[in-house]
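Engineer: Give me coordinates for this.
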Amino acid sequence: MPLSDTEKLAAIDIGSNSIHLAIAERHGDQLRRIASMSEKVQLAMGLDEYNHLSSAVIDRGIECLTRFAGRLGDVNNSRLRVVATNTLRRAANSQEFIVRANDILPVHIEIISGREEARLIYLGVSHTCPSHQQRFVVDIGGGSTELIIGKNLNPILTESTQMGVVGFTQQFFGDGNINALSFEKAIYVAQKEIIKYGSHYKKTGFEEAVGSSGTIKTIQQAIAGFGLGDEITLAGVEQLKSSLIACGHIDAIDMAGVKSHRKGIFPAGVAILLAIMRVFGIRLLRYCDGALREGVMYDMLSRMDFHDVRDDSVAMLIDRFGVDKKQAKRVAKTAGSLFNQVHKPLGLAIEGEYMLRRAALLHEVGLAIGHSSYHKHSSYLLRHADMAGFSRTDQEKLSWLVRYHRRAINGDDCDRIIKNGGVGLVYLALLLRLSVVANHGRFEISKHQLKLTVDDNHWHVTVKIDRPEHQACVIDIQDEAHWFAKWGICLTVSSV
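Structural biologist: This next block holds a predicted model:
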């Protein structure tokens, strides 16, 4: 439902270096931040060579989230999102952290892809520091660096690179020493990571460059401390590099704006920014105090005002893969009708209806690859496609739904879905399965022709026969009873 003025919303950003909390109030089309917290947890420091998070860093992160959860008392759960970025994308045991965190937080963690992170960062920057010029936005984080070109509120190019200040610190400044050789090595590796984007970004073009995040802010403050103004220039960053080398060691850093907890990762941040400015030909960069968490909140605001970018992503996939739109809409209409009939006895939240509808619209997307086992192709595409607005978690749930909308299923499949999305996802999968089989003939089924009642684990479908071909719908649903039983549901059907 829409967000009223002065109602609060909040975002928690579980980053590779810091975990942030922001709480804001709506004022018209803008959000006014009223509270924020940030703790340097450095999750990325806890990754070993096998991308396994250490118990100590998991504990540190959980302790931080426990403190943050205590600040959310007057924020409605539907107005809160918790997103996680590079480290939890990479960690082999991320589920260990997520399970513990989900027990503490009022909503579940969403792991977002690198490109979705870039899109949300751009959204935060474009709302916080509006401009009509085409701009290059850079955000240097603990585990990744996002590079975006966009205009107004619309991102044009989005990339997330595998370089961040925590990893670069470990690789090039791990012993605390700062020298010309380590700096040049760091700059070279960063340039090597981003050079593949250089020509495309330059060809697209931009009129101004903007930086967000704590690293950029610290660099801006340090340059200002040199008396070089409030903007980040290439010459100013080069001077920072020379000054850091002159310091010789992280402990000797004494610059305006470089707080004690930032000293350790500061040389890595300078090296990465220098590489970016050199590769993309940036001579001037402005700092913007808006980033991922602001973008998450503006994205929530857009969803609540009934413009959900996820629906745009669904429409783009439908067009891109030539989905039969009439059939997709038929299945989606049936799915919505069945959901509304049984969501209360099944305990399904309204968000489940949105997910079911999107799965219904996209269940045949895999036909573009091949008809045989197309449900598996659909599942793969939805799991791995770049879908703006969707977290990885939600894409996985969509993938599970379309994977089991046809053909054989067994008890192990049910257990797998419960593990990844709970029993509610099982019910949604069965509702989608019913919706697809009811529209097997690819002719119109009105919402009044199918009635579904649920009594514990007994589901009964009543089909109203208006035309001879509707009798086939009864037979098709009867054939599903065998498969529903594999998931512990007794399915029966009758006709009137």
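
Engineer: Would you check that residue 439 makes contact with residue 331?
Structural biologist: Yes. Counting by C-beta atoms under 8 Å, residue 331 is a contact partner of residue 439 at 5.1 Å. C-beta here means a position set from N, CA and C on the backbone, and glycine is covered the same way.

Engineer: The two: who's more crowded?
Structural biologist: Using other C-beta atoms under 10 Å, the more surrounded residue of residue 439 and residue 331 is residue 331, with 28 against 24.

Engineer: Now do that one, the pLDDT please.
Structural biologist: Predicted confidence (pLDDT) for residue 331: 97.

Engineer: burial of the nearest residue to it once chain neighbours are set aside, as a residue count?
Structural biologist: Nearest non-adjacent residue to residue 331, counting by C-beta to C-beta, 6 or more residues apart in numbering: residue 360, 4.4 Å away. Counted with other C-beta under 10 Å, residues neighbouring residue 360 total 28.

Engineer: Work out for me the element residue 360 sits within.
Structural biologist: According to DSSP states H and E, residue 360 maps onto helix 350-362.

Engineer: residues of that helix that come out buried?
Structural biologist: 352, 353, 354, 355, 356, 357, 358, 359, 360, 361, 362 (16 or more other C-beta atoms under 10 Å).

Engineer: what's it packed up against?
Structural biologist: Packing partners of helix 350-362 (3 or more C-beta pairs under 8 Å, 6 or more residues apart in numbering; DSSP states H and E): helix 309-320, helix 325-346, helix 392-403, helix 411-438.

Engineer: Pull the residues that contact stretch 295-303.
Structural biologist: 3, 9-11, 13, 22, 24, 26, 31, 79, 81, 83, 119-125, 127, 308-310, 389 (C-beta atoms under 8 Å, 6 or more residues apart in numbering).

Engineer: Now that stretch: buried residues?
Structural biologist: Buried residues in stretch 295-303, counting neighbours by 16+ other C-beta under 10 Å, are found at 295, 296, 297, 298, 299, 300, 301, 303.

Engineer: Next one: the second one from residue 303, what distance?
Structural biologist: Translated: residue 296. Taking C-beta to C-beta, to the nearest Å as the measure, residue 296 falls 11 Å from residue 303.

Engineer: Let me see the mean pLDDT of stretch 191-206.
Structural biologist: For stretch 191-206, mean pLDDT is 96.

Engineer: Stretch 97-104 too?
Structural biologist: Across stretch 97-104, the average pLDDT comes to 96.

Engineer: which residues in this protein form strands?
Structural biologist: Using DSSP state E, the strands assigned to the chain run over residues 8-14, 19-27, 30-39, 80-84, 109-111, 134-140, 145-151, 154-161, 208-212, 232-233, 284-287, 450-455, 458-463, 490-495.

Engineer: So residue 223 sits against residue 235, correct?
Structural biologist: No. Residue 223 lies out of contact with residue 235 (C-beta under 8 Å); the separation is 9.4 Å.

Engineer: contacting residues around stretch 163-170?
Structural biologist: The contact list for stretch 163-170, computed with C-beta under 8 Å, 6+ apart, reads 16-17, 42, 44-45, 86, 140-145, 186, 189-190, 193-194, 215, 264-265, 267-269, 271-272.

Engineer: Compare residue 223 and residue 235 and say which is more crowded by neighbours.
Structural biologist: Neighbour totals were compared for residue 223 and residue 235, and residue 223 leads with 25 against 12 (other C-beta under 10 Å).

Engineer: From residue 57, how far out is the nearest residue to the more buried one once chain neighbours are set aside?
Structural biologist: Sequence neighbours aside, residue 236 is the residue nearest to residue 223 in space, at 4.1 Å (criterion: C-beta to C-beta, 6+ apart). Here residue 236 is placed at a distance of 34 Å from residue 57 (C-beta to C-beta).

Engineer: what about dumping the CA coordinates of stretch 278-285 to CSV?
Structural biologist: The C-alpha coordinates for stretch 278-285 follow below in CSV (Å, rounded to 0.1, in the frame of the first residue of the first chain):
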residue,chain,number,x,y,z
ARG,A,278,43.1,7.3,-15.3
VAL,A,279,41.2,4.6,-17.3
PHE,A,280,38.0,6.7,-17.8
GLY,A,281,39.7,10.0,-18.2
ILE,A,282,38.2,11.7,-15.2
ARG,A,283,39.9,14.9,-14.0
LEU,A,284,37.2,16.1,-11.6
LEU,A,285,34.9,14.1,-9.3
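
Engineer: contact partners of it?
Structural biologist: Outside stretch 278-285, the residues that touch it by C-beta under 8 Å, 6+ apart are 136, 138, 187, 191, 194-195, 197-198, 201-202, 208-211, 216, 231-234, 273, 276-277.

Engineer: Could you check it and say which residues are buried?
Structural biologist: Using 16+ other C-beta under 10 Å as the test for burial, stretch 278-285 gives 278, 279, 280, 282, 285.

Engineer: Fine by me, we can end here.
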